[in-house]
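**Q** quick one: sequence and predicted model below, then my questions.
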Amino acid sequence: MEFLRHVVVLVHLVGFAILFGAWVVEAVNGKRRFTRLMDWGLAIAGVAGLILAAPWGIEYDLNYVKIGVKLVILLVIGALLGIGRARQRKTDALPAAMFWAVGVLTFTNAALAVLWR
Ligand code: HEM
């Protein structure tokens, strides 16, 4: 059970890597667009996160306040990606604030996961 949980944590981290990696590529190449890869990363991190939110394969109590905060942040990132991609399609432009918010919120979720014990 513990090994299986670690596998799900690994999948969760792959989702984070895809989402944040795709965002960093756009930040560095100067295009600053939302891409499909970001949606995939968010979906993978979200599904694995929900599986990890259940107390299995561990002997300690989960921090449900932290998990709740992470879930709210994930929903905000999802809303930003959804609205931003619709705007990109219609107007061919993405507000800079929306683009930067996704990077900052993704980084915030990873920081909460690692630093808030
Ligand atoms: C963009 C969204 C997210 C990011 C970037 C993220 C990032 C991370 C990272 C980096 C870890 C590893 C921490 C460590 O092992 O020290 C982690 C663990 C975890 N995450 Fe997330 N996460 C996200 C969303 C979620 C969501 C939505 C949930 C639940 C609703 C969640 C639940 C968990 C749980 C329970 C763990 C601990 C796993 C364990 O040690 O057993 N995460 N997350």
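**A** Received, thanks.

**Q** please enumerate residues in contact with stretch 12-27?
**A** With contact meaning CB atoms under 8 Å, 6 or more residues apart in numbering, stretch 12-27 is reached by 32-35, 37-38, 40-49, 52, 77, 99, 102-103, 106-107, 109-110. C-beta here means a position set from N, CA and C on the backbone, and glycine is covered the same way.

**Q** now list the buried members of these.
**A** Buried subset of these (neighbour count, 16 or more other CB atoms under 10 Å): 32, 34-35, 38, 41-42, 44-46, 48-49, 52, 77, 99, 102-103, 106, 109-110.

**Q** among the residues you listed, name the ones in helices.
**A** Of the buried ones among the contacts of stretch 12-27, the ones assigned to helices by DSSP state H are 38, 41-42, 44-46, 48-49, 52, 77, 99, 102-103, 106, 109-110.

**Q** which one of those is nearest residue 11?
**A** The shortest approach to residue 11 among these belongs to residue 48, at 4.5 Å (CB to CB).
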